[in-house]
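1. got a predicted structure plus its sequence, pasted below:
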Amino acid sequence: MNPPIIKPSPIADRACKAIPAAIVFLAMAVMALPLPLAVGAMPHFAFLFVIIWAILQPRLMPVWVAFLLGVVFDLLSGQPLGQSSLLFAGAVATVRLAEDRFEGHSLAVDWLFTALVVLVAQLLSWQITSFFGATTALWPFLLQALTTIFAYPLAVAIAARVQQKILVWTA
C-alpha cells in the first residue's frame with residue numbers, strides 16, 4: 001500500500017519553487033567570501049548552479065530567472081551590468097536547446113556538456129571585459145573555468161541532495 005501523497009500549502013509550494021534561486025544566491029555569497037585559495041581562482045559556483053538547476057529542474061530555472069540572477073550577480077561582483085545576465089540566460093537557453101535534441105543523462109555527459117558551456121562562457125566573459133576597456137589576460141578566466149569544471153561533482157551532489165530532500169513537492 002502506497003502512503004498518501006501530501007500536498008504542501010501554496011506558501012510551502014512557492015518556497016520550494018524558490019529554492020534553486022536561493023541556492024544560486026547562496027553560491028554568490030560564498031563567492032564573495034575572502035577565502036584563501038590554493039589555486040588562486042574561485043569556482044564560479046553561481047553560474048554552475050544555474051546550469052545544474054536548468055538540467056535537473058528546468059521548470060524552476062527558467063531563462064528569465066537566470067537573467068535576473070545574473071543582474072544581481074553583476075551588481076554584487078562589479079562586473080559590467082548585463083554580462084552575467086547575458087551569460088546566465090544564455091546558459092539556460094543552451095541547456096534547453098540541448099535537452100530538446102538529446103535524450104538521457106549521465107553524470108559524464110552532463111559534466112562534459114557543463115564543461116563546454118563554462119569554457120565558452122568564460123571566453124565570452126573575457127571578451128566582454130576586454131570590450132569594456134579592461135586589459136585582462138586570458139589565464140585568470142581559463143583558471144576559473146578549470147576550477148568551475150572540477151567543482152561540478154560537488155555542486156551536482158549538493159543540488160541532487162536538495163532536490164531529493166526538499167524539492168519532492170514540486171514534482
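-> It's in.

2. drop to CA atoms for contacts and neighbour counts, all remaining ones
-> Fine.

3. nearest residue to the middle of this structure?
-> residue 50 (2.2 Å; C-alpha atoms, centre = their mean).

4. which strands or helices does the helix or strand where that one lies pack on?
-> Element membership for residue 50 (DSSP states H and E) is helix 45-56. Contacts defined by 3 or more C-alpha pairs under 8 Å, 6 or more residues apart in numbering; DSSP states H and E place helix 45-56 against helix 19-32, helix 83-101, helix 107-131, helix 152-165.

5. just checking, the residue nearest to the centre of the chain touches residue 62?
-> No. Contact criterion C-alpha atoms under 8 Å: residue 50 and residue 62 do not qualify, at 9.7 Å.

6. in a markdown table: the helices and strands packed on helix 45-56, plus distance to residue 44 and mean pLDDT.
-> Below are these laid out as a markdown table (distance: least, C-alpha to C-alpha, whole Å; pLDDT from 0 to 100):
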| stretch | distance to residue 44 | mean pLDDT |
| --- | --- | --- |
| helix 19-32 | 7 | 93 |
| helix 83-101 | 11 | 92 |
| helix 107-131 | 9 | 92 |
| helix 152-165 | 10 | 92 |
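
7. run through who's touching the helix or strand just after the helix holding residue 50.
-> Scanning forward in sequence from helix 45-56 by DSSP H and E, the next helix or strand is helix 63-77. Outside helix 63-77, the residues that touch it by C-alpha atoms under 8 Å, 6 or more residues apart in numbering are 21, 24-25, 28, 32, 50, 80-90, 92-93.
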